[in-house]
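> would you be able to build a 3D model of this:
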Amino acid sequence: MPRTADDSWDIATSVGATAVMVALARAAETATDSPLIRDEFAEPLVSTPELAEVREQVAVWWAPEPNDDGVEADPDFTVDSQQMIDYQAVRTHFFDAYFVEATAAGIRQVVILAAGLDSRAYRLDWPANTTVYEIDLPKVLEYKEQTLASHGAIPIADRRSVPVDLRHDWPKALRDAGFDPTRPTAWLAEGLLPFLPAAAQHAMFASVDTLSGPGSRVAVEIFGVDDGRRREAEQKWAQLRARREARGESTSFDPFDLWFNDEGRPDPARWFATHGWVTESVEADEETVRLGRTPPLADRPFANRFVTAAKR
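Down below sits the predicted model:
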């Protein structure tokens, strides 16, 4: 369904379903012989009966393109499930390491923006007295809490749910949950930015800056289509969708339909640097190679980076 300014969802619909796709990738990686990351909670989170339809939709989305119609699939725009699994493993590894470094530096207050099915509060080796705040829509957080509780999972950190839309007054909800803006905080915005309107992204960055005590850190995943190739990408994805519809396949699950493509979206590295933070950027493909995985084809139109910043 097209996005609207005040739409909502649960874990099985709209943006919630993309969190299921990501957790399915983490579960697949964890099940390999030599996993880059271990998320033992991903599999139980995505294996419930209420997510059966989402699992089927993701399987269709990840299915390789057949050549039975005599037309070769365009490798630049064909969905590759293994590349998706590799990418999620790489990005999870990167941000896991970010939190390890942040807590080693003494930070004991963590905020995960749009937490989805993130299980870090349960699986990372948090130091004593660490509080992890998870912000997401109420139904998403309820599903995760109830599912993990049914499996006897107990958070390692002091996990606090903050059920609020990031387009609303989430800073107040965060403070009401016990957040202290005078303390250094480690923030994470992973798998989030294109799902926010540009104005909401700008407001979120401003709030992170205001709520961060000295020594705070922030990590942001940048992903999307390179602006110079957006029209080309949209045309090719439309062609791919038309071919699948002609074969009678479901095209109801398409994460790109859920992105906001409005103008004026601030670049995270530039924004935080301008506001006095010391920033670093890592190209996702470079990190993929460093960790021994095969990067996507060089000519793909996607621009993925991991940005970290520290407040002076």
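> for E221, give its distance to A246.
34 Å (Cβ to Cβ, to the nearest Å). Quick note: C-beta positions are derived from backbone N, CA and C, even for glycine.
> looking at those two, which one has more neighbours?
E221 (19 against 9; other Cβ atoms under 10 Å).
> residue boundaries of the strands in the stretch 151-300 of the chain?
Counting by DSSP state E, counting those that start in this stretch, residue ranges of the strands within the stretch 151-300 of the chain are 158-163, 186-189, 217-222, 277-283.
> what sits up against the second one?
Spelled out, it's strand 186-189. 95, 98-99, 102-103, 107, 109-114, 204, 208, 212, 216-221, 268 (Cβ atoms under 8 Å, 6 or more residues apart in numbering).
> could you redo the last one with a cut-off of 7 Å?
95, 99, 102, 107, 110-113, 208, 217-221 (Cβ atoms under 7 Å, 6 or more residues apart in numbering).
> now the third one
If you take Cβ under 7 Å, 6+ apart as the criterion, strand 217-222 is touched by 91, 95, 98, 102, 107, 186-191, 193, 208, 268, 272, 303-310.
> and the lowest-mean-pLDDT helix or strand in the chain, which residues are buried?
The least trusted helix or strand in the chain, going by mean pLDDT, DSSP states H and E, turns out to be helix 230-246, with a mean of 74. Residues of helix 230-246 classed as buried: A233, K236, W237, L240, R243, R244 (neighbour count, 16 or more other Cβ atoms under 10 Å).
> tell me who's in contact with the last one.
Just to be clear, that refers to R244. T251.
> any idea how far it lies from E190?
29 Å.
> quick one: the helices in the stretch 101-250 of the chain?
120-123, 138-150, 170-176, 198-210, 230-246 (DSSP state H, counting those that start in this stretch).
> those helices: which one's closest to Q83?
Closest to Q83 of these, according to Cβ to Cβ: helix 230-246, at 15.4 Å.
> in three-state terms, label V90 for me.
helix (DSSP: H, G, I helix; E, B strand; the rest coil).
> neighbours of it, how many?
Residues near V90, counting by other Cβ under 10 Å: 25.
> for it, which non-adjacent residue is spatially closest?
T288 (5.0 Å; Cβ to Cβ, 6 or more residues apart in numbering).
> ok, A309 - contacts?
So, once contact is read as Cβ under 7 Å, 6+ apart, A309 ends up touching R217, V218, F272, W277, V278, T279.
> go through those residues and name the one nearest T4.
Nearest to T4 among the contacts of A309, with distances taken as Cβ to Cβ, is V218, at 28.1 Å.
> that closest one and T274: what is the separation?
When V218 is compared with T274 (using Cβ to Cβ), they lie 14 Å apart.
> more neighbours: which of the two?
V218 (26 against 11).
> export the helix or strand hosting A19 as CSV, just CAs?
In the assignment (DSSP states H and E), A19 maps to helix 14-30. Provided in CSV are the C-alpha atoms of helix 14-30 (Å, rounded to 0.1, in the frame of the first residue of the first chain):
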residue,chain,number,x,y,z
SER,A,14,3.6,-2.5,5.5
VAL,A,15,7.0,-1.5,7.1
GLY,A,16,6.5,-4.2,9.8
ALA,A,17,6.9,-6.9,7.1
THR,A,18,10.2,-5.5,6.1
ALA,A,19,11.5,-6.1,9.6
VAL,A,20,10.4,-9.8,9.1
MET,A,21,12.4,-9.9,5.9
VAL,A,22,15.5,-8.6,7.7
ALA,A,23,15.1,-11.1,10.6
LEU,A,24,14.6,-13.9,8.1
ALA,A,25,18.0,-13.0,6.6
ARG,A,26,19.6,-13.0,10.1
ALA,A,27,18.1,-16.4,10.9
ALA,A,28,19.4,-17.8,7.6
GLU,A,29,22.9,-16.4,8.3
THR,A,30,22.8,-17.8,11.9
